[in-house]
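Student: What follows is a predicted protein model with its sequence.
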Amino acid sequence: MSIHEECGVFGVFSKKKINASDLTYYGLFSLQHRGQESCGIVVNDDGLFVSHKDLGLVTEVMTKDVMQKFPLGKMAVGHCRYGTTGGNDRANCQPIEVNHKKGRLAIAHNGNISNAILIRDKLEEDGAIFHTTSDTETIAYLVTRHRLESSSIEEAILKSVEELEGAFSICFMSPTKLIAVRDPHGFRPLCYGTFENDGEEVYVVSSESCALEAVGAKFVRDIKPGEMVVFSNDGVKSYEDLCGSKEISSCIFENIYFARPDSVIDGLSVHESRYKAGRILAKEFPAQADLVVGVPDSGLDAALGYAHESSIPYGIGLIKNKYIGRTFIAPASDGRSRLVRMKLAPVESAIKGKSIVLIDDSIVRGTTSKEIIDMLRQAGASQIHMRISAPPFLNPCYYGTDIDSRDNLIAVSHTVEGICQIIGADSLGFLPVESLPQLTGAKGICAACFTGQYPTPIHDGNRKDRFDKRLSEKE
Ligand code: SF4
């Protein structure tokens, strides 16, 4: 699996000074699966912003020395990032901070704005100068511009989001407010929780509920699609139906792969979604086998579902190296085979001589699946029936993941039988696209990378490659 989520966002609001940087550190550490290229924290010390951001994992960037330099503060925002638009240089690290005529603002954003290039072009024609290539700077520009003629930061944000299309789950921090906003389609998750400190409620905003648990906060609720929630000394205030009502299009791939299985998104457990996918696969694509094996980590929950539905025993047939991050890079000469074998190892005693149902969350190019199957055969598996807990990828994603080229997707140019042959499986079955709504219950989903039905207009020129091309043309 080589698809990456773009980002995780986290924010803290307290009426009294608190160790907001430590809370944000723990929050980001729990959201590390959403982005491992860079991270950052901005603490609000009575209106003065103190920040640190850099390339690297949370534990690498936020060293003991760095953490000790943060003051206590009533608020903080944090961000961890995998760059899908804008590359992975230091300038694109978040949160982005801006000083403007009426104050300052820090912004942590998850998602991709599908009309960002159009907005950026317009702003540049009006004299704006951009310092980074990320969508988030475009949002920062819009908000600070609107702030000049608005009576409050809330009003400026409301005016700005009217202009945005695509995916945005954002934590804004002004000198006195923490503001959480989720786009009207609800592509990316965002929720908040609370805990008591010294007799006062402390509010915590997070991309996923797993990070609330990590700081001892109780989940309150998801930020609704098209909602802005403002945390200030006046309490918690909600503004709904931003940008008018739109069809909910929550990213189904959050449930299949991106999110942590212990998170709950829009009221539904991610573990449950994956477990259901496994059960559906067992009904749709039964197999004669001795053992069901999941590819760690995101194939495990679906493997359990398949095993329960089929009554084939569930077993641990693959072990993941715990010390390998998603950013591990093998020396070029060693190639993909070594990379897969550094990440995963077969448990020979469990699989030797057995017919196996192997469950993974997706197939992109097919190279990783082929390596895993080769490895299991070498360890003595007699048959391998591969089942995928997602439909075949056929289209790019414009909403914050790096599924960005049809050329890289094996299912675009091969039939299921053809893919089965290439990866060397005895049989292959993908989750039927019609069954996706069952994974999340009644809520609306985005499944555009499988169906090609995009919930927002896709403008010419909003692709990452076009963005990069446009930048190089200007140089
Ligand atoms: Fe998620 Fe796919 Fe929609 Fe992107 S296109 S938001 S990955 S379901």
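Tutor: Cool, the structure landed. Numbers count the residues shown, from 1 in each chain.

Student: alpha carbons only for contacts and neighbour counts from here, please
Tutor: Fine.

Student: residues contacting the residue of the chain positioned farthest from its centre?
Tutor: No residue in the chain sits farther from the centre than residue 353, which is 38.4 Å out by C-alpha atoms, centre = their mean. Contacts for residue 353 (C-alpha atoms under 8 Å, 6 or more residues apart in numbering) come out as 380-382.

Student: Which one (most neighbours) among those residues?
Tutor: residue 381 (21 neighbours; other C-alpha atoms under 10 Å).

Student: Show me the shaky parts of this protein.
Tutor: 1-5, 83-88, 325-336, 404, 442, 460-475 (pLDDT under 70).

Student: what does it have sitting close to the ligand?
Tutor: With C-alpha under 6 Å from any ligand atom as the criterion, the chain comes near the ligand at residues 187, 251-253, 397, 399, 401, 446-449.

Student: Show only the entries of those found in helices.
Tutor: 252-253, 448-449 (DSSP state H).

Student: Where does residue 108 sit: helix, strand or coil?
Tutor: strand (DSSP: H, G, I helix; E, B strand; the rest coil).

Student: rewinding a little: which of the contacts of residue 353 lies closest to the ligand?
Tutor: residue 381 (32.6 Å; C-alpha to the nearest ligand atom).

Student: Am I right that the closest one is in contact with residue 349?
Tutor: No - counting by C-alpha atoms under 8 Å, residue 381 sits too far from residue 349 to count as a contact (10.2 Å).

Student: hmm, back to that, would JSON lines of the residues of the chain next to the ligand with neighbour count and distance to residue 55 be doable?
Tutor: What follows is those, written out as JSON lines (neighbours: other C-alpha atoms under 10 Å; distance: C-alpha to C-alpha, whole Å):
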{"residue": "187", "neighbour count": "28", "distance to residue 55": "26"}
{"residue": "251", "neighbour count": "23", "distance to residue 55": "27"}
{"residue": "252", "neighbour count": "23", "distance to residue 55": "29"}
{"residue": "253", "neighbour count": "20", "distance to residue 55": "26"}
{"residue": "397", "neighbour count": "21", "distance to residue 55": "24"}
{"residue": "399", "neighbour count": "26", "distance to residue 55": "23"}
{"residue": "401", "neighbour count": "21", "distance to residue 55": "19"}
{"residue": "446", "neighbour count": "24", "distance to residue 55": "31"}
{"residue": "447", "neighbour count": "23", "distance to residue 55": "31"}
{"residue": "448", "neighbour count": "20", "distance to residue 55": "31"}
{"residue": "449", "neighbour count": "22", "distance to residue 55": "29"}
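
Student: Let's have those in CSV, adding distance to residue 215.
Tutor: Below are the residues of the chain next to the ligand laid out as CSV (distance: C-alpha to C-alpha, whole Å):
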residue, distance to residue 215
187, 25
251, 26
252, 27
253, 26
397, 32
399, 28
401, 27
446, 30
447, 32
448, 34
449, 34
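
Student: Quick one: residues contacting residue 112.
Tutor: Taking C-alpha under 8 Å, 6+ apart as the test, what residue 112 contacts is 85, 135, 166-168, 398-400.

Student: tell me the phi and psi of it?
Tutor: Recorded main-chain torsions at residue 112 are phi -120, psi 140, according to degrees, to the nearest 10.

Student: and residue 221, what element?
Tutor: Element membership for residue 221 (DSSP states H and E) is strand 218-222.

Student: Return the distance of that strand from the chain's centre.
Tutor: Strand 218-222 sits 19 Å away from the centroid of its parent chain (C-alpha atoms, centre = their mean, to the nearest Å).

Student: Likewise for stretch 15-28?
Tutor: 22 Å.

Student: Of all the residues in it, which ones are buried?
Tutor: 15-16, 18-28 (16 or more other C-alpha atoms under 10 Å).

Student: And for it, what's in contact with it?
Tutor: 8-12, 41-43, 58, 62, 67, 70-80, 200-202, 206, 211-212, 214-215, 232-233.

Student: Give the buried subset of those residues as a ChimeraX selection command.
Tutor: Those of the contacts of stretch 15-28 that count as buried under 16+ other C-alpha under 10 Å are selected in ChimeraX with:
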select :8,9,10,11,12,41,42,43,58,62,70,71,72,73,74,75,76,77,78,79,80,201,202,206,211,212,214,215,232
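
Student: So residue 176 is in contact with residue 49, correct?
Tutor: No - if you go by C-alpha under 8 Å, residue 176 and residue 49 don't touch, sitting 11.4 Å apart.

Student: got the end-to-end distance for stretch 255-265?
Tutor: With C-alpha to C-alpha, to the nearest Å applied, stretch 255-265 spans 8 Å between its terminal residues.

Student: got the CA positions of whichever strand or helix holds residue 104 in CSV?
Tutor: Using DSSP H and E, the element containing residue 104 is strand 103-110. Taking only C-alpha atoms (Å, rounded to 0.1, in the frame of the first residue of the first chain), the coordinates of strand 103-110 have been written out as CSV:
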residue,chain,number,x,y,z
GLY,A,103,-4.2,40.7,14.4
ARG,A,104,-2.7,37.3,13.8
LEU,A,105,-3.8,34.0,12.7
ALA,A,106,-2.5,30.4,12.7
ILE,A,107,-4.0,27.8,10.4
ALA,A,108,-3.8,24.0,10.3
HIS,A,109,-5.6,22.5,7.4
ASN,A,110,-6.4,18.9,6.2
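
Student: Tell me the buried residues in it?
Tutor: Buried-residue list, strand 103-110, by 16+ other C-alpha under 10 Å: 104-110.

Student: Helices of the stretch 151-300 of the chain, residue ranges please.
Tutor: 153-161, 210-214, 252-253, 270-284, 300-310 (DSSP state H, counting those that start in this stretch).

Student: Point out the most buried one among the ones you listed.
Tutor: helix 300-310 (a mean of 26; mean count of other C-alpha atoms under 10 Å).

Student: Contacts for that one, please.
Tutor: 261, 271-272, 274-283, 286, 292-294, 313-314, 358-360, 389.

Student: that older thread, could you list which of the buried residues of stretch 15-28 belong to helices?
Tutor: Short answer: the buried residues of stretch 15-28 in helices (DSSP H) are 20-28.

Student: domains of the chain?
Tutor: Domain assignment of the chain by automatic domain parsing yields the ranges 7-249, 261-451.

Student: Name the stretch among those domains that sits most buried.
Tutor: When those are scored by mean count of other C-alpha under 10 Å, the highest mean neighbour count falls to domain 7-249 (a mean of 21).

Student: thinking again about what came up before, okay, angle between the strand holding residue 104 and helix 153-161 too, please.
Tutor: Angle of strand 103-110 versus helix 153-161, following axes from the mean of the first three to the mean of the last three C-alpha atoms, to 10 degrees, is 50 degrees.
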